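Show me how the following folds:
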Amino acid sequence: MSNLFTTRDPAGMAAGQLFLGTAIVANLLNDCHQSGMEGVRRGRERRAAAQYADELNAARGRADELGRVAIRAVRHVASLEAEVSRLKAALEQRQGYIDRLNARQKAGA
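Coordinates of the predicted model:
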């Protein structure tokens, strides 16, 4: 096997070795770049998954709070309906009394 010092074309041999060295370095740089980009992609995916989990937990917390508000609202509506029923009964009783007074007044007139 010939080397740079024993070849008849030392410039060609040097150029070939330089090309081979450059190809190896370029391949190494490409591999490093691909590894770096893969790391960036995994980091983005990890951050996106963490953000999604955080937003989901926050949404669950809001849903729980809204559920508690809805239960309080239903209880309040039930109490208001009971109050309306009580007021209607009182109104009917008073209207009956007024009607009886009017009937007495017309009978006495």
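
can you pull the contacts of residue 67?
Counting by C-beta atoms under 8 Å, 6 or more residues apart in numbering, residue 67 makes contact with nothing. The way it works is simple: take the backbone N, C-alpha and C, and place the C-beta from them, glycine included.

Relative to residue 54, how far out is it?
From residue 67 over to residue 54 the distance is 21 Å, taken as C-beta to C-beta, to the nearest Å.

and what of residue 65?
Applying C-beta to C-beta, the value for residue 65 to residue 54 is 17 Å.

Show me where the protein has its helices.
For the chain, the helices defined by DSSP state H occupy 10-108.

Now do the most centrally placed residue in it, the pLDDT please.
In the chain, the residue lying closest to the centroid (C-alpha atoms, centre = their mean) is residue 55, at 3.7 Å. Looking at residue 55, its pLDDT stands at 95.

again with residue 3
Predicted confidence (pLDDT) for residue 3: 73.

residues near residue 13, how many?
If you count neighbours by other C-beta atoms under 10 Å, residue 13 ends up with 16.

Go ahead and confirm it touches residue 7.
Yes. Proximity of residue 13 to residue 7 meets the contact threshold set by C-beta atoms under 8 Å, at 4.6 Å.

Low-confidence bits of this structure, can you list those?
Counting by pLDDT under 70, the chain contains low-confidence residues at 1-2, 4-5, 109.

what do you get if the cut-off is 90, keeping everything else the same?
Residue ranges of the chain with pLDDT under 90: 1-17, 104-109.

contacting residues for residue 20?
Residue 20 makes no contacts at all, as judged by C-beta under 8 Å, 6+ apart.

got it, and the one 3 residues further on?
Residue 23 is in contact with no residue at all, counting by C-beta under 8 Å, 6+ apart.

switch to numbering from 39
Renumbered: residue one is now 39, and that last one reads residue 61.

Counting neighbours, what do you get for residue 45?
14.

For it, give me the backbone phi and psi.
With angles defined as degrees, to the nearest 10, residue 45 sits at phi -80, psi 160.

how near is it to residue 59?
Distance from residue 45 to residue 59, counting by C-beta to C-beta: 17 Å.

cool, residue 104 as well?
67 Å.

How about residue 130?
Distance from residue 130 to residue 59, by C-beta to C-beta: 105 Å.
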